[in-house]
Every structure is written in C-alpha cells, then in structure tokens.
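>>> All I have is the shape, not the residue letters:
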C-alpha cells in the first residue's frame, strides 16, 4: 500500500468538528445538547440574501470570474467604503470563505520551512492549513489573566527569527474575543516595518464589537505593502454555508499573485455571490447587521454574567466576536471534560457541548484548563447552558476526586 | 517591501482565463467573439437543480458537515451505484469543485519535492496546484498523430523515479478528448502495483463518451488501495458555478486524511449541495444527462467534420469530453495566434477565441502549433466559428509571410 504524504501526517482535523459524533449519539439517546461549541449563529440568514439567490435569473449556472462576479466585487467595494476603507476593485478578491482567504495569504507569503507568528490561543485551522503548506507556526502565547492582550514589542521580537515572514491574527479574536487597541496594533506596525513582515489580519468579526471599535489593518497607510485583510460574510450575515470571503491588500504584486492562485481553482460559488450582491445592495443592510450585533451584545452580557458566577473562573469580559475563552482550575484536561459532558453527564436529560481549550494552542500542555464558549444561542438557552456547565464542572471534579481516591 | 513566496513565483495563472480581457475588449469594440476557448457549456442548468436551490426551506444558511450534507452524500452514493460503482458513504467526500478534489488528492499523497507523472497535454490547473504544493510534475508526452494514446509500459517506466508517488490523468481527457481503453488502463494498473503508486483519475467527463465506454479507475479491485477518483458536477449538469465535486477512494487511511483536510476549510457550499441532492433525486435525472450527451455528440460530429476540412490539420476524432486538440502546421506560436485572433483579425465583424496549445504542456516548446477547441456551442455556431478559424489561419499565415519578407 502506498504511503500518504508527511504533510498530512500531523493534521488533527478540527478539534471541534471531530467531537460531533459524540454529540449526535447523545442526541439520539434523547439528551438535549446545548451547543456552545461552534461559531454557527442561530440567526436567520437575511431575506435580501436568500431572495438574491431565489429570484436570480439563472439560465446557466456558470463559472464566475476567478476574482468574483463584477457586481459582487462592486458591492464589496461599497461595503468597505461604508466602513472607511477605500479599496480599488483590483485590491480585492472574492474567496471561498475566510478559510481560502487566509490560505491564499499564507501560501502567497511563506515558503515551506518559513515561519508565521500567531498569537495563541488561535483559530485551529490556521495551523492545519499552515501544516499542509509546510509553513511553521510559531505561537506567541497570550493569557486569560490579562484578557489575552498582545505582549509588548520586546516579547514579540523574541520569537522573530530570520525565517519569519508574517504575523497572523484574528481581530476581534477567535477564540478569545479580544479586541486589539490602537496601541497594540502600533506594535505590530512597528515590528512589521522593522523586520519587513507581512501582517495577515483576519477581521471576520469586525462588526461584532461591544466596547471600543475594531481597527482594520488596512487603515495604517505606512503598512500598505505589508497588510493583508482576510474577511468573510459567514458570521456577518449568518451565512456560514455560503462560503464567501474576501482577501484585500494594497500590495499590487500580492494581489496579482492572488489572482493567479484564484484562477487555479477557477471560481467561488456563483449562487452565494448573487446572494451577497443582493444583500449589500439592499438599503437597510446596515440595519440588518446592527440588529444582529445588538442581539450578540445582549448574549455576550448574559453569558459573561453567568460565567462570572462560576466559582474559580478566570476570564475578562470579551470586547468582540462571539466567544469567551475561560479558564477553570477544576478542569485537568479540557478535551476529556468536553467528551465527558457528552458521554457521562446529564442533568434533567440535558447537557452542554463546549470546545476544549487545547485545540486552540500550539504549545503542548496549554489550554488543558480552558474552554471556548460561543454565545450563538438565545439568552435563556445561554443561561441554561452555562448553568449546565457549572453543574458539570462540580460533578466532574467530584468524579475525578473519587477516581483519584480509588486509584 | 516584503517578498512573496517562491512557490507562487512560477504560477502563470490560467492560460485561458488570462486572455479574457482581450476578448472583452474585442466585444466592447463591437466584434462578435465565438468562444471555443472554455469548458463552460451553454446548456441550461437542469430545472430540478435550480428548484432544489430555490425551493429549499432555509432559515439559517449554515455550514454543512465537512464531508458534505448527508443527503448529498447519499444522492452521490446512489449516482455512483447507478454507474456500477458501489461506494460506502465513508469512501466518498463532497469537495469544492473538481479543483479541490485533485488538490486534496495531490496534497494527501505527495510531499514537496516528490513527483507526479501526468500525460501531457494536460489540464493546466494540475500544474498550478502542484506548484503551490511544492510537487514536481513529470510530463509524459503524448501525440496528436496517434490521438494522444498512452505510451507503452516501458516508455512510462522511463519517467518513474524513486521520488514518483502518483500518476494523474483525466479520462476522458481534457484537452485531448482521448478515452483510455481497458488495455491502456491495464498498463497503469500494472505500473501502480509494481511501483506502489497512487493513481488519481479525473473523471469529470465520464458521461461525455461518444464511442466506447469510460472505465473508472475504481472498477479495478486490485487497485483498491491505490485508486483515487476525482469528479465534479460542473460539466455533467452544466453547473460550473456550483463548485461541487467529489473525491472517492476505497483506501480508508486516505479518506480519513481527506476528512481532516476537508475540516480545515470547514465545508463545501450548502446551496449547491441542496441543488445537487434535488437533481439526483429526480427520477428523470439520467434522461436529463443523456439529453446533454446527445447534444454534445452532435456537436462533436459537427466540429470534427468542420475541422477536418481545414488543410494541413492533424487530429483524430475525439471519443469523449467536449474538446478537440488539433495540430496546425501553419501556426508558429499558438499563444500569439490566439491573441492575434482577438486583436487583429475579424471577418464580417466576427472572430473566434481559442485556447493555445502551449498552456497544456509542461515541456518547453510543445503545443506551439496546437490549439484546444471546446465544442460547447450550438452546432451552427460551431460551424461558423471553425470557418472563422480557417479564415484566420489563412490570413495569419499570409501576415506572417509578409512580416517575414519585410524583416
């Protein structure tokens, strides 16, 4: 039997998705499972988007241009202009979700063996896609105790080597909900210019900000040749299944390369592009987005309040995205705990599914006492789910003590 | 300014797509351009597919499982069973077009520096995606004179090295229209077993066969651990913009790895998957496909007859797909000729766009006197387009002679 490639040998798959069968089994056994584990909002996809798909006059569902349909690109250009980012149409390309956008960015800027610095905990697929491309991820550890703020310049410089080519982060942050301040971003700008590094900023949660304002990497004029924006409509308009993202940069050479990469996979899905163009052409599109943000604001407050009530928890109030990354000293192994919640725990026939913290770290051993909680459910469900989590924590600790005493 | 990666330095982009601006300019100037250059059929996407999208009861357009929606996987399983290929649901995964399917196959089986053998002329994106992944493409040249048949075992073995890990081909072939016989495929099977190589068979044109029968690589039981099927619905149901393909293999370890790769980009587009499930559940789906095939059969005949009438042409009648790859001794540089047709030539305000042969070869200098012609238009348009091509060839030759005489 022929051997598979080494590049795929380390792939762990999605630490969140791989637990899905356990949740399915629990559901089949009659348990109610509250999903705090995934970033799949429950909010209906806007009518303007769906109408844009349903009412499209399509005879032949043909390829779009590789960079996207002209009207979708134009709609996106207007969207960014509405958000104070003036982009020409060649500085922007439609991608197959944010996933393809950061994959393009990484492959265009790093060769095998070269290094990208990513503050950890980070979105796990950054690692998987880097591994496939032979790129080395160098983690820059941040901490629950100070709300996962960026380290200072000296500490960041400690992980820069002659092979470092880029810094990648999500802002607002998945899984931490951290929102980088102007001061923090100024450190990135300083280091990028000093060491000539690309800065790949994943801003898919840009609108989901409850205190302060998200600052785009493209708003720093001095970084015009270094900054790469990664974006997606998945969360913004609750259309995760559309698989539409964007990559944008003012670096012409980079965007020419991105076009070639885009041609190598022909085109992004046409139906979703039509939906997006229709949604962004709708006059009330900002209102629609704002309504969603307000909903998540209340959910954030509800979850933070509930989680704060759990004894021993260490976490700061997240300023953006729709995640909390909380530390619980009572958890010895977050992956075991997450499984246990699905397989061994229930309270009145209910349980909760969480994302174990370990899946968001590259540094071995990190995240064993941390979990990610997504506030993508209605408030009462969030409160119920966090109460189940609290009960689970107590019972898990008692079980562990029993096992410990027996062992 | 930071440097881009070396892996992207050699990317040429799509040799076909990059000529699009010239065609657009010609059209804007009032010329009618007949498109023989692309594999984008003009046939309406089946109603059952579009209704499956339009009438879907979607509240939240959510992610699908990474391997595809259960009902889409089930529909595909039934489709393959209808085509004498029994697959379990874990031997099959939905991909984002055939593009992602062969990219997954290449990355899962080859590490940077390792070699994949591809009979040339070949589909250009095989090369682009190999380059991005650091994989070396080793061409196995085939020839217009004998209809681009596979070389014999000894000739193929000459290009096998200790770094060879896989053989990749499309069958029926793009750009040649060649359909491999059982005898030719037996050579591949023999070599794959002898040298322990993966065989990646791109069968997106499987139904488009006008003489004989396409033989799937999955139909060889002795190759169960080596064979990988790459497929797409783009051409089969004239839904190129859907971006839905499949990868299938009986090698469990491979499919487990493919699942991890699939998770690293979350999911294929949901809307298109709903359309496909609806189309394949429609009782008359085979009839719909057969109607298309019959149309292309007539078009093939029309084009072959017309092209045969051009003095000097060297080509065999293509048995499958919807392309002809023809050699014209009067062309000195097919890329120049293709450009010239758009920029300098017209007859009664009309011209034709073709795909230059050079874009389908890895070996330098090959394809300069060859072009690919797609028969994806109505018969009368095909006849008109080929007549324009013939006029263009005559005028191009005369122009060249003049320039030669002047120079």
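Noted; the coordinates are in hand. All values reported here derive from a predicted model rather than from experimental measurement.
>>> In which helix or strand does residue A:167 reside?
Assigned by DSSP states H and E, residue A:167 falls within strand A:164-170.
>>> In contact with the spatially most central residue of chain A: list those residues for me.
Chain A has residue A:174 as the residue nearest its centroid, 4.4 Å off, counting by Cα atoms, centre = their mean. With Cβ atoms under 8 Å, 6 or more residues apart in numbering or on different chains as the criterion, the residues that contact residue A:174 are A:39, A:122, A:123, A:202, A:204, A:205, A:321, A:323. All C-beta atoms are positioned from the backbone trio N, CA, C, and that covers glycine.
>>> how close does it sit to residue A:148?
Counting by Cβ to Cβ, to the nearest Å, the gap between residue A:174 and residue A:148 amounts to 11 Å.
>>> picking that back up, how much space between the residue nearest to the centre of chain A and residue B:144?
Between residue A:174 and residue B:144 the distance, using Cβ to Cβ, works out to 53 Å.
>>> and residue A:138, how many residues sit next to it?
The local packing count at residue A:138 equals 17, with neighbours defined by other Cβ atoms under 10 Å in any protein chain shown.
>>> meant to ask about residue A:366
Applying other Cβ under 10 Å, we find 17 other residues in the vicinity of residue A:366.
>>> which parts of the stretch 201-350 of chain A sit against chain B?
Taking Cβ under 8 Å from any Cβ of the partner chain, the part of the stretch 201-350 of chain A that reaches chain B is made up of A:225-226, A:238-243, A:251, A:253-254, A:257, A:259-261, A:263-272, A:275.
>>> so of those, which ones are in helices?
Those of these mapping onto helices are A:253, A:254, A:257, A:259, A:260, A:261, A:263, A:270, A:271, A:272, A:275, per DSSP state H.
>>> Quick check, the first one in contact with residue B:4.
What it means is residue A:253. Yes: using Cβ atoms under 8 Å, residue A:253 is in contact with residue B:4, at 6.3 Å.
>>> which neighbours do the two share?
Shared contacts of residue A:253 and residue B:4 (Cβ under 8 Å, 6+ apart): none.
>>> Specify which residue of the two has the higher count of neighbours.
Between residue A:253 and residue B:4, counting by other Cβ under 10 Å, residue B:4 is the more crowded of the two (21 against 13).
>>> residue contacts, the more buried one?
Taking Cβ under 8 Å, 6+ apart, we find residue B:4 in contact with A:108, A:109, A:253, A:254, A:257.
>>> neighbours of whichever residue of the stretch 251-400 of chain A sits closest to chain B, just the number please.
Taking Cβ to the nearest Cβ, chain B has its nearest neighbour within the stretch 251-400 of chain A at residue A:270, 3.0 Å off. As a burial measure, residue A:270 scores 27 neighbours (other Cβ under 10 Å).
>>> how about the helices of the stretch 251-400 of chain A, start to end?
A:252-263, A:270-281, A:285-308, A:334-343, A:379-406 (DSSP state H, counting those that start in this stretch).
>>> Looking at those, which one is packed in the most?
Burial among the helices of the stretch 251-400 of chain A, expressed as mean neighbours by mean count of other Cβ atoms under 10 Å in any protein chain shown, is greatest for helix A:270-281, which shows a mean of 25.
>>> That one - contacts with which helices or strands?
In this structure, helix A:270-281 makes packing contacts with helix A:47-54, helix A:70-82, helix B:270-281, judged by 3 or more Cβ pairs under 8 Å, 6 or more residues apart in numbering or on different chains; DSSP states H and E.
>>> do that again at 6 Å, thanks
With contacts defined as 3 or more Cβ pairs under 6 Å, 6 or more residues apart in numbering or on different chains; DSSP states H and E, the secondary structure elements packing on helix A:270-281 are helix A:47-54, helix A:70-82.
>>> I appreciate the help and will end here.
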